[in-house]
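> Sequence first, then the predicted structure:
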Protein chains: 6
Amino acid sequence: VSAVPANNVGDACLASLRALGVDVSVVRRAGERLGVYFLENGANQRPSRVTYDRAGSSIASARAADFDWNAVFADADWFHITGVTPAISATAAELSIAAARTARERGLTVSCDFNYRKNLWKYGKRAPEVMRELVSFATIGVANEEDCQNALGIEADVNVEGGDLAHEKYRALAEKVLAAFPKLEKLAITLRASHSADHNGWSAVLHNRKDMLTSRHYDIADIVDRVGAGDSFSAGLIYGLRTYRDDGKGLEFATAASCLKHSIPGDINRVGVAEVEALMAGDASGRVKR
Amino acid sequence: VSAVPANNVGDACLASLRALGVDVSVVRRAGERLGVYFLENGANQRPSRVTYDRAGSSIASARAADFDWNAVFADADWFHITGVTPAISATAAELSIAAARTARERGLTVSCDFNYRKNLWKYGKRAPEVMRELVSFATIGVANEEDCQNALGIEADVNVEGGDLAHEKYRALAEKVLAAFPKLEKLAITLRASHSADHNGWSAVLHNRKDMLTSRHYDIADIVDRVGAGDSFSAGLIYGLRTYRDDGKGLEFATAASCLKHSIPGDINRVGVAEVEALMAGDASGRVKR
Amino acid sequence: VSAVPANNVGDACLASLRALGVDVSVVRRAGERLGVYFLENGANQRPSRVTYDRAGSSIASARAADFDWNAVFADADWFHITGVTPAISATAAELSIAAARTARERGLTVSCDFNYRKNLWKYGKRAPEVMRELVSFATIGVANEEDCQNALGIEADVNVEGGDLAHEKYRALAEKVLAAFPKLEKLAITLRASHSADHNGWSAVLHNRKDMLTSRHYDIADIVDRVGAGDSFSAGLIYGLRTYRDDGKGLEFATAASCLKHSIPGDINRVGVAEVEALMAGDASGRVKR
Amino acid sequence: VSAVPANNVGDACLASLRALGVDVSVVRRAGERLGVYFLENGANQRPSRVTYDRAGSSIASARAADFDWNAVFADADWFHITGVTPAISATAAELSIAAARTARERGLTVSCDFNYRKNLWKYGKRAPEVMRELVSFATIGVANEEDCQNALGIEADVNVEGGDLAHEKYRALAEKVLAAFPKLEKLAITLRASHSADHNGWSAVLHNRKDMLTSRHYDIADIVDRVGAGDSFSAGLIYGLRTYRDDGKGLEFATAASCLKHSIPGDINRVGVAEVEALMAGDASGRVKR
Amino acid sequence: VSAVPANNVGDACLASLRALGVDVSVVRRAGERLGVYFLENGANQRPSRVTYDRAGSSIASARAADFDWNAVFADADWFHITGVTPAISATAAELSIAAARTARERGLTVSCDFNYRKNLWKYGKRAPEVMRELVSFATIGVANEEDCQNALGIEADVNVEGGDLAHEKYRALAEKVLAAFPKLEKLAITLRASHSADHNGWSAVLHNRKDMLTSRHYDIADIVDRVGAGDSFSAGLIYGLRTYRDDGKGLEFATAASCLKHSIPGDINRVGVAEVEALMAGDASGRVKR
Amino acid sequence: VSAVPANNVGDACLASLRALGVDVSVVRRAGERLGVYFLENGANQRPSRVTYDRAGSSIASARAADFDWNAVFADADWFHITGVTPAISATAAELSIAAARTARERGLTVSCDFNYRKNLWKYGKRAPEVMRELVSFATIGVANEEDCQNALGIEADVNVEGGDLAHEKYRALAEKVLAAFPKLEKLAITLRASHSADHNGWSAVLHNRKDMLTSRHYDIADIVDRVGAGDSFSAGLIYGLRTYRDDGKGLEFATAASCLKHSIPGDINRVGVAEVEALMAGDASGRVKR
């Protein structure tokens, strides 16, 4: 559920989503433009750089009342949202909260990636003012260690730049977040050790208020494109939790799926379930399949 | 010697071979189509994936009687064939065996890369039924550790996925193969340690019934394209054995040439003899030549 | 200040320089062609290969008398030249020396990158015959360890291929050069450890007749394009020395700027001052900026 | 309804169809390969050249019994097929006839483009043997003047090469076809005057057993890509007849839609209904819309 | 003088202008984004289609007070503006009028292309309300027959779609406009006969309150890209009037320059003065220059 | 027979020739560079523009004594040369004449395209001084109306720019040339009517001292690339005269082959004999072949 303009660019956007099997029937066609971003691909010591061009986009001007939520949620049992949407405009923030509240009232599972983007959030509110309300409707949370701090205002004694990935500190952070949001049933935190722009470590933890599970760790030495890895993790977690009905397997599916995203150009994770499951099963040798 | 269709696609194929100095005068122009393959390039934990599209190709329907073997072998002293051709169809298997037998009868050196492809071999025979007969005509064998097992049915106590490259085990494997095929004078085995899709170790051994020689080991950390490395090894071995008349130098030439293939896009090893010899001589620093 | 032909190719060259903010008003439009080069991009054990195509270029046939040096140096306080220009032709060598002499006479700072290219220097003189005169006008020298030996004929007991980068040996080499050229106030030497075509170590030293300063060391594991790194170092050094008025910071700026060049395709260092300063300040994690 | 292989190539094919809003849920995933073709784009006196590579494709080996026709036709009221499918193989011919017969029995409108391709039809039957049976199930026929002759064996006294497009001769031809196939209610014939590879005249007639309607004539002087024009005509006719319930408007929609196809690269007619209707309404001036 | 955002996209925009020799020193770096447009290239009966994506652009939010007009006009003697800028937003309209008024007060020649774009003008004012004030400051006007009607509300009895280009009617139109705007000294009107998307006739008239001059007529049968033709006409007219000091030659230069634009891809007229003058001199044969 | 440098660029050049079946065994590998040219593709009123970059090329510095003419002409019976080679340098002129003289002495048929290029001929001689000697060895001449005048200094009363292609004038011109060069047995003149950069008329005449034959005339309305048309005519004439042993058919083959070149991108005429013969036989309708 989104809004894209009623022009050729919006048509092309929806065509690319339909190609992937996404049902776009409840996407609203209104507003002036499709938000885009420009990406300069980094390498080694040079970071990738995203220049957002989202001002005035259809989703920035969409309002909750524009959508027929009965239709939107008619056959749905899960609603996922990220912190990028409420960062765009005041109306997008209201829309995000209304959508999450409505989904929750209708009994859908609500998941939220806290996703903090410092180049957005320019309309006058600080992220925690909005995000804390949004997250209050979620039962599943996804974050990295910076998001907790910046999006929710919950302090974390972890040092990302230095690669300090001590798991006890992540447990403490997860428990702080879970304490602050009593409806949250599970919180997953992704752990990225950034050795260089194209060499990262990648793993994740999931706290379900009982255990803190730790995923396999992946060393990704030749990143092709890391944009979209976070969304791939969320998508993998939703698929994994629904499919396996097991937090550990769900976490491993999410981590393996998003690990593979680093080897795919573009911001869509063009891998299949079989590929993810092969990696979960331990086949990381990269031998040619033929 | 091959078969390609008598249409524009076949013309383009032969033009690309002629550009490289290959004599295509005995290639037969018949059949319905040129086999192709689709390659998704992997990276890191994600393997490259080859989708063969070889059904109904000209070589799949070619028959031994279609070729004038006197003309084919007129000025030749070496015939090389791989396990890919007999894997395509029953007629291609018969053709492969007829070609090798005829070459042998005319006194050519016959070399064979055992090359096993599990996505081929669909026409009803298991690989060893055919390959054991084909290899019986060869004096030079080329393989990797899986090929021996899968193409010839000779068991190898080596664990590729785990990177276990113990040379004693390779000696044992080589000796099993040499015992099974008494006409084989030399057997070369390539050793690939697959750390990830773009980071491999690469080396080879050659058993000449007297010694087992071991090549230099190359660490290839940023593979550009590994498709064609096996064929580059065979081509390098043929060139090396003929040029140096020394098994050790032949093996080193083959290993260095195929090492360089990993840095060339496409499946043709576009390097020259001088480049290979520079690497054989130890210049692996990659300093810009200008 | 240069010469490019008065045709469409020369126009395109100047347009690309103007785009970057370079003042091209004193570039002479004469001669027959623009020199170009062809680059085969190496990887792993395979070196990149530059095929120069500079014969008959405008700069090769330009003469000192063709330029109005008063106009050329009117508002300038720094003149930089490299050893590539005098390597092209006898007239280019005379032109290089005349330009450096004139710049010096007018009180400009003169810097010179000793830059030795063995595939040039074909017009009958050995490099030291020319370069020693050219360098005699310089107050700032830039080199790598091979340049000192090949361009100036000053022997260095350092072994590049082997990666032996002992700093004491570099101090000795720098002092030999400074002794031979009494007007040189500072000499910077870049240190490249070439592990493979796309994995290099990168650092530099600067000797100012008082201290030998050593830059931070960068490990560049996935080189995108290393052509232009030397020029980026010189450009960074000029900027750094002028901006910070501090040899240590100038050296670090030059090293960081040229480190980043390895991650940029093409031979122009398309990075901004802010990016270089972020790396100087220690941010080498490559985390996406967004 | 079709068959594509259960591999990555088949996946990509279906994704591109889904993008356009085509329901692919009844496409069968089986067989060895996806048929492709190679196109050399002509211009002026040089014709475009299609090299078919369809041997061994999934649709060539599909059989009527492979499909669950109840599911295929569940929500359908129209079935369209062309003469290309039965030209590929004997089984494809049987499949085509079975599909058309079944569609007819279930009360769907059946339309058929007689489409003759001389480079296909290689499996032993002449086109009329098969096509006459196939067309016997159709109520709507589509053809060009050559198709009637070659696909159905009905002689036409029209000279395509010479651009002789006299409408009385087309009426006579249409009436011959309608007489031969009593269930045909309407027959549309496209008229292409081929002045050169990129300059064609384009129009069509439709005989509904009462009148012969003639469409507007389009002069297309700078053809971008004419492959797919015939299919665009059929698609436009189906849309037009269903939407307007008027043979004249249906014919004009089909002719205008397929006229626009000549200005679109690729073999898919990426235009919208509004564009077609603007052309039907007479706006052929090509003025920029902004 | 314009406004572009202070980010990488704005940098790239200015670099491309600097490449062409445009002085960008007074361009303001502010606002959120660079306006862009998407172009679908038409052919034959299919029009090109421009999808504007200008909402929220830097120029849309720029205000007159943001600019230091003394600096902007310091060394200038001519100011040109088009009707596209005031169409974007209320502030852009105020800015446009302020710029034109200030230029006029400082004694610059002010030219204005009336340029009407129906997909802009969405902020609540009708074009004539704004454009009549803007044009009141101009001494040179540029228009096509539609612009006069739509941008100024002055009715024209000319029929563009039908290609009716009777010059007497253009004289009447020109005189109506000159009567309405007494400060206008010259009015140029371009005449486009749109036979198809890639075949246009092109000419222009210029009324200088004494004579109505008529340019040579060009038949452009294979348009490469017509976007930018109007701006090329204005640029040519400014150059021509300033260079030749002769209305007739100025008009011919403008018409020839913009004629050539139709043969250049992209929206910038990458031709030189010599090429335009060759066409003015009658060389329209298109013979290869070599 | 030519000279290309002994580097990667020369290798690539020869590979592209070998691909087309050209025997390159007598090409000399020497000199400094491969001549290239830059082409801006024109359209409509805008001419294509060739910027030659041939200074210092291998052929410019090659000398007659560098070639072993016995080997060069060993199995040859025809030698063809154009006026471009002697235009490049004094040594190239000597080489051209020596080659033609030697070929003639050995009994080869010598053909010469008079080909005048005004942007070459810069080394101090006027074209006729050299070309008259070169042509004195030829038995077959090829030219356009400008070449006769500019390359040979023989005046022609024909007006190319104006499209005046009166055949009587061409007869007179041909007879003047044949009178001046008594060994010439046949002279072919191509006639290009240049309506615009992409719309030309194309035909040719051939005078064999008995008759003046006139080819079919082709109207080429959408030229793809006309560079190489002249060389395609010569190649076609050589093929046609040798194959058909009939001047009329030879002329028609040459004209048809070079007509098709206008529809092929690049400067090589990638068409086959069957395509040319189909056009000779009258099939110019451009209907898709499939």
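Thanks, I have the structure now. Numbering: from 1, shown residues only, chains lettered A, B, ... in the order given.

> going forward, measure contacts and count neighbours with C-alpha atoms only.
Will do.

> Go ahead and confirm A:Leu173 touches A:Ala156.
Yes: between A:Leu173 and A:Ala156 a contact is recorded at 5.8 Å, counting by C-alpha atoms under 8 Å.

> Report the closest residue of the stretch 51-200 of chain A relative to chain E.
A:Gly56 (5.4 Å; C-alpha to the nearest C-alpha).

> Now that residue: closest residue in space, sequence neighbours ignored.
Leaving aside its chain neighbours, A:Gly56 sits nearest to E:Gly56 (5.4 Å; criterion: C-alpha to C-alpha, 6 or more residues apart in numbering or on different chains).

> What is the one helix or strand in chain A whose mean pLDDT sits lowest packed up against?
The least trusted helix or strand in chain A, going by mean pLDDT, DSSP states H and E, turns out to be helix A:145-152, with a mean of 89. Counting contacts by 3 or more C-alpha pairs under 8 Å, 6 or more residues apart in numbering or on different chains; DSSP states H and E, helix A:145-152 packs against helix A:127-135, strand A:186-196.

> Ok, which of these comes nearest chain C?
The nearest among these, by C-alpha to the nearest C-alpha, is strand A:186-196 at 4.6 Å.

> Past that closest one, which element shows up next along the chain?
Per DSSP states H and E, the first helix or strand lying C-terminal to strand A:186-196 is strand A:199-207.

> Partner strands of that next one, with direction?
Sheet pairing here is set by DSSP bridges, and for strand A:199-207 it gives strand A:186-196 (antiparallel), strand A:212-214 (antiparallel), strand A:218-220 (antiparallel).

> who touches the first one?
To tie it back to what came earlier, the one meant is strand A:186-196. A:43-47, A:139-145, A:160-161, A:163-165, A:170, A:174, A:178, A:200-209, A:251, C:284-287 (C-alpha atoms under 8 Å, 6 or more residues apart in numbering or on different chains).

> Which positions in the stretch 101-250 of chain A make contact with chain B?
A:Ile220, A:Ala221, A:Asp222, A:Ile223, A:Val224 (C-alpha under 8 Å from any C-alpha of the partner chain).

> just checking, the last one touches A:His262?
Yes: the pair formed by A:Val224 and A:His262 meets the contact definition of C-alpha under 8 Å, at 5.7 Å.

> which of those two has more neighbours?
It is A:His262, of A:Val224 and A:His262, that has more neighbours when counted by other C-alpha atoms under 10 Å in any protein chain shown, with 29 against 23.

> How about the contacts made by the more buried one?
A:Ile220, A:Ile223, A:Val224, A:Asp225, A:Arg226, A:Val227, A:Ala229.

> which ones are touching whatever residue of chain A ends up closest to chain B?
Proximity of chain A to chain B (C-alpha to the nearest C-alpha) peaks at A:Gly286, 3.8 Å away. When contacts are counted by C-alpha under 8 Å, 6+ apart, A:Gly286 touches B:Gly42, B:Ala43, B:Asn44, B:Gln45, B:Arg46, B:Pro47, B:Ser48, B:Ser194, B:His195, B:Ser196, B:Ala197, B:Asp198.

> which SSE is whichever residue of the stretch 51-200 of chain A sits closest to chain D in?
Residue nearest to chain D within the stretch 51-200 of chain A (C-alpha to the nearest C-alpha): A:Asp75, separated by 19.1 Å. Element membership of A:Asp75, judged by DSSP H and E, is empty: it is in no helix or strand.

> low pLDDT regions in the stretch 1-150 of chain A?
Residue ranges of the stretch 1-150 of chain A with pLDDT under 70: none are present.

> Which residues of it lie near chain C?
Close to chain C, as judged by C-alpha under 8 Å from any C-alpha, the stretch 1-150 of chain A has residues A:42-52, A:117-119.

> List buried residues within those.
Among the residues of the stretch 1-150 of chain A next to chain C, those scoring as buried are A:Gly42, A:Ala43, A:Asn44, A:Gln45, A:Arg46, A:Pro47, A:Ser48, A:Arg49, A:Val50, A:Thr51, A:Tyr52, A:Arg117 (criterion: 16 or more other C-alpha atoms under 10 Å in any protein chain shown).

> what ranges do the helices span in the stretch 51-200 of chain A?
Using DSSP state H, counting those that start in this stretch, the helices of the stretch 51-200 of chain A run over residues A:58-61, A:69-72, A:90-105, A:127-135, A:145-152, A:167-180.

> I'd like to know which of the ones you listed is closest to F:Asp267.
Nearest to F:Asp267 among the helices of the stretch 51-200 of chain A is helix A:58-61; the distance by C-alpha to C-alpha comes to 48.8 Å.

> Give me the contact list for that closest one.
Helix A:58-61 has contacts (C-alpha under 8 Å, 6+ apart) with A:2-5, A:30-35, A:54, A:85, A:88-89, A:91-92.

> The residues you listed, buried ones only, as a PyMOL selection?
The PyMOL command for the buried members of the contacts of helix A:58-61 (criterion: 16+ other C-alpha under 10 Å) is given here:
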select buried, chain A and resi 3+4+5+30+31+32+33+34+35+54+85+88+89+91+92
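
> Name the nearest of the contacts of helix A:58-61 relative to chain C.
A:Arg54 (12.5 Å).

> Tell me who's in contact with the closest one.
Contacts of A:Arg54 by C-alpha under 8 Å, 6+ apart are A:Leu34, A:Gly35, A:Val36, A:Tyr37, A:Ala60, A:Ile88.

> quick revisit: and the residue of chain A closest to chain B, how far from B:Asn144?
17 Å (C-alpha to C-alpha, to the nearest Å).

> Same check on A:Pro265?
The value you get for A:Pro265 to B:Asn144, if C-alpha to C-alpha is used, is 32 Å.

> The two: who's more crowded?
B:Asn144 (21 against 15).

> could you say which helix or strand contains the residue most central in space within chain A?
Per C-alpha atoms, centre = their mean, the C-alpha nearest to the average position across chain A is that of A:Asp231, at 3.6 Å. In this structure, A:Asp231 sits in helix A:229-244 according to DSSP H and E.

> Okay, buried residues for the helix or strand that that helix is followed by please.
Sequence order places helix A:247-261 as the next helix or strand after helix A:229-244, per DSSP H and E. Residues A:247-261 are the ones in helix A:247-261 that count as buried (16+ other C-alpha under 10 Å).

> swap in stretch A:56-71?
Buried residues in stretch A:56-71, counted by 16+ other C-alpha under 10 Å: A:Gly56, A:Ser57, A:Ser58, A:Ile59, A:Ala60, A:Ser61, A:Ala62, A:Arg63, A:Ala64, A:Phe67, A:Trp69.

> Of the buried ones among the residues of the stretch 1-150 of chain A next to chain C, which are in range of chain F?
Okay, of those, nothing touches chain F (C-alpha under 8 Å from any C-alpha).

> Nothing else from me, thank you.
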